[in-house]
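Trainee: need coordinates for the following:
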Amino acid sequence: MTLFIGKRNQCFSFDAFVLLVLEYSVFLSFYPKTTVMVVNYWKLKQCFKELVLSALMVAVYAASTVIYGWSLFFTLLTALLPGTKSLLKPKVVAITGASTGIGEAIAYEYAKQKVRLILIARNQNKLQTVSSKCRQLGAVDVEIASIDVSKTEDLINFFEDRTEQSPIDLFIANAGMVVETTPLIPDNKCETIVNTNILGAIAGADTVFRAMHRRRRGGQIAVVSSIYGFMGVPDVIYYDLTKAALLSYARDLRTLGKASNIHVSVICPGLILTNMTESLNVAEFFYTKPAVIASHIRKGLEANLPVIGMPWFQFVTAFVLSSLPPMLHSFARDRMLDVYNAIKPSKTYQ
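Mentor: Below you'll find the predicted structure:
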């Protein structure tokens, strides 16, 4: 196999050369029999000016690597090892998407802490069932509201009225949906997914954020994103889009909230065993039970972690791969998708 390295007007770009050598080292680990054509080093002499600029770029890369390496280490450490000291103990917790899956598990987890719960979802009957169990587990009071979060006006009106009556200490924007969606699938539900996952979450979080800011007593908001926000797969392209948007939104909101003592965290679950993930056709080994991640989420929120990720091996993999330089990222992503496509049933779109 012939490898052309950064050729530009018969010159070699040194920064591209360095990155490609790193990439090709990884490539050889997968394909050890691959051969490389010898590079004509004398051509580098024709590019002195370019090499000087490239050397500066390498210095910048090195400095960025040190800074980003520390950031990566700190983020992984805080995401995977929640502190034992509890900093935040909410008394009133509101959860969207609380009738099933992660939202239901989080409701049970906080019910055990004897808090007041506000549970929001579309299905009234399921909400009543979850509400009864929360009371059995010890919740002081449970209020339910049947609201479709994609209808943002209804959600905004509810939270404006509710926060006028009494404050909410913790709001968890959990409601979301995932279906197999690509531009090749007719009726791919892109608008529905965006309205539910992004606009619904932002409508609720923004309204509660403003209420917390007005009362000047602080509070806490958690936005449920996903490891797919770091690095997704093409079969759920619009879901990936929404989770990446929420990841960015929550990070910025955390910075905005510091002046008002409003703590914001982003939750990045991996594959969780819920009704929503049944359609993904992934081996059960990769899934985690909702009750397990609910406990992890509560402890992470009590410790005010910026990012809460679980299962840890899925979170670390997605985070690290998304942090690679562009060329390595593209290569690693292609190899990962090769494996993904090999284990997933193939489909043909008309």
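Trainee: can you map out the strands along the stretch 51-200 of the chain?
Mentor: All strands of the stretch 51-200 of the chain, identified by DSSP state E, counting those that start in this stretch, fall at 92-96, 116-121, 141-146, 170-173.
Trainee: closest to Asp161 out of those strands?
Mentor: strand 141-146 (10.3 Å; CB to CB). In short, each C-beta sits where N, CA and C put it, glycine included.
Trainee: can you pull out the helices in the stretch 151-300 of the chain?
Mentor: 152-165, 190-194, 200-215, 237-257, 290-302 (DSSP state H, counting those that start in this stretch).
Trainee: list the buried residues in the shortest one.
Mentor: This points to helix 190-194. Across helix 190-194, burial judged by 16 or more other CB atoms under 10 Å covers 190, 193-194.
Trainee: before we move on, what about the last one?
Mentor: By 16+ other CB under 10 Å, the buried positions in helix 290-302 come out as 290, 293-302.
Trainee: and the nearest residue in space to Val149 that is not next to it in sequence, how many neighbours does it have?
Mentor: Nearest residue to Val149, sequence neighbours excluded (CB to CB, 6 or more residues apart in numbering): Gly200, at 3.1 Å. By the criterion of other CB atoms under 10 Å, Gly200 has 25 neighbours.
Trainee: surely Gly200 meets Ser150?
Mentor: Yes - counting by CB atoms under 8 Å, Gly200 does reach Ser150; the two are 5.4 Å apart.
Trainee: isn't Arg122 up against Asp148?
Mentor: Yes - the criterion here is CB under 8 Å, and Arg122 meets it with Asp148 at 5.0 Å.
Trainee: circling back: and which of the buried residues of helix 290-302 is nearest to Leu253?
Mentor: Nearest to Leu253 among these, with distances taken as CB to CB, is Leu301, at 14.6 Å.
Trainee: which residues sit in contact with that closest one?
Mentor: The contact partners of Leu301, by CB atoms under 8 Å, 6 or more residues apart in numbering, come to 88, 170, 220, 222, 265, 308.
Trainee: list the contacts for the nearest residue to the fifth one once chain neighbours are set aside?
Mentor: So the one you mean is Ser265. Distances taken as CB to CB, 6+ apart put Ala222 closest to Ser265, at 4.8 Å, once the chain neighbours are dropped. By CB under 8 Å, 6+ apart, the residues touching Ala222 are 170-173, 264-267, 297, 301, 308.
Trainee: list the contacts for Ile193?
Mentor: Per CB under 8 Å, 6+ apart, neighbours of Ile193: 177-179, 181, 238-239, 242.
Trainee: meant to ask about Leu241
Mentor: For Leu241, the contacting residues are Val194, by CB under 8 Å, 6+ apart.
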